[in-house]
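Asker: Following is a predicted model, sequence given first.
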Amino acid sequence: MAKDIKKLHRSGDDKMLGGICGGLGEMLSIDPTFIRLAVVFIGVMTGVLPVVITYLLGWFIIPESAEA
């Protein structure tokens, strides 16, 4: 059962900037394009600065995939 748990990591294969959206897509088993669109939508609705700060924090905190 413990092997079924997926851990969050930055994608080494499917990345445009830091690989965070690609890693979330791999963890949630959905297309990272939908996550990227959601991030852009949230950024437009709330202001760009909170999304940029959150993304940068994630870039430094979330480890990169060892498979890359």
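Answerer: That came in fine, so what should we check first? These figures come from a predicted structure and were not determined experimentally. Residues are numbered from 1 along each chain as shown.
Asker: Would you check that residue 51 makes contact with residue 39?
Answerer: Yes: the criterion here is Cβ atoms under 8 Å, and residue 51 meets it with residue 39 at 6.2 Å. From N, CA and C alone the C-beta is placed, and that goes for glycine too.
Asker: Straight-line length of stretch 39-55, end to end?
Answerer: Chord length of stretch 39-55, first to last residue, is 9 Å (Cα to Cα, to the nearest Å).
Asker: who's in contact with that stretch?
Answerer: 17, 18, 20, 21 (Cβ atoms under 8 Å, 6 or more residues apart in numbering).
Asker: Which helix or which strand is home to the first one?
Answerer: Going back to what we said before, that points to residue 17. Counting by DSSP states H and E, no helix or strand carries residue 17.
Asker: mind listing what it touches?
Answerer: residue 55.
Asker: how about a cut-off of 10 Å?
Answerer: 10, 36, 55, 59 (Cβ atoms under 10 Å, 6 or more residues apart in numbering).
Asker: Could you check stretch 31-42 and say which residues are buried?
Answerer: 32, 35, 36, 39 (16 or more other Cβ atoms under 10 Å).
Asker: Type out the PyMOL command that picks the buried ones from the contacts of stretch 39-55.
Answerer: Selection of buried members from the contacts of stretch 39-55 for PyMOL, criterion 16+ other Cβ under 10 Å:
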select buried, resi 18+20+21
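Asker: Can you lay out the contacts of stretch 39-55 as JSON lines showing pLDDT and distance to residue 3?
Answerer: Shown next, in JSON lines, are the contacts of stretch 39-55 (pLDDT from 0 to 100; distance: Cβ to Cβ, whole Å):
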{"residue": "17", "pLDDT": "85", "distance to residue 3": "30"}
{"residue": "18", "pLDDT": "86", "distance to residue 3": "27"}
{"residue": "20", "pLDDT": "91", "distance to residue 3": "24"}
{"residue": "21", "pLDDT": "90", "distance to residue 3": "25"}
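Asker: Thanks a lot, see you next time.
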